[in-house]
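>>> Pasting the sequence and the predicted coordinates here, then a few questions.
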Amino acid sequence: MIEYFFIFLFSSIFLFVAFYQDIKTSEIQNDLIKLFIAFSIGIHLAIIWCNFADYYFIFYSLINGFMFFIIGYLFFYFNALGGGDAKLLIGVGLCLPSNSIGLTFISSIIFLIYLLILGTTYYFVYKIATKRKMRYIPFAPVILLTFSVFYLVYLS
């Protein structure tokens, strides 16, 4: 369980920087996303190296990341998310709990349900609060909030 605390802690830092960039500039830099994905894989390798988990830990994490790549691509293709937000989902997918194939799929489904609920709520609150038609609504805050809620529920 301690490994997931470290993953949550360091991933939250990346997600907070992405949140800040998305609010300020309406885009997330590709360098930050590449660093986040590399970090996600690197922390899994470090956890394996420290003997906190076996080698399947990174294998299931990569499966999760690939599933979120497909989901992010579909969201981007149907104009539900911007490119940076879709790529940010890949890094989040790599950081979700994945000790077994069952836990991999269950954690992905639960995260997506949280994302759907919080994303829809955020969309309507943001539209009502701004009272103007906007082409783009920053979605990184929803990803950060969903990630935090998911891990707080998972770690408790």
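Done, it's in.
>>> Distance from the chain centre to the lowest-mean-pLDDT helix or strand in the chain, please.
Within the chain, judged by mean pLDDT, DSSP states H and E, the helix or strand with the poorest mean is helix 101-130; its value is a mean of 88. Here the centre of helix 101-130 is set off from its chain's centre by 11 Å, with Cα atoms, centre = their mean, to the nearest Å.
>>> Which other helices and strands does it contact?
helix 56-77, helix 140-155 (3 or more Cβ pairs under 8 Å, 6 or more residues apart in numbering; DSSP states H and E). The way it works is simple: take the backbone N, C-alpha and C, and place the C-beta from them, glycine included.
>>> Could you find the closest non-adjacent residue to the residue nearest the centre of the chain?
The centroid of the chain falls nearest to V92 when counting by Cα atoms, centre = their mean (2.6 Å). In space, and not counting its chain neighbours, V92 is closest to F147: 5.8 Å by Cβ to Cβ, 6 or more residues apart in numbering.
>>> Could you do I41 as well?
Per Cβ to Cβ, 6+ apart, closest to I41 is L94, 6.5 Å.
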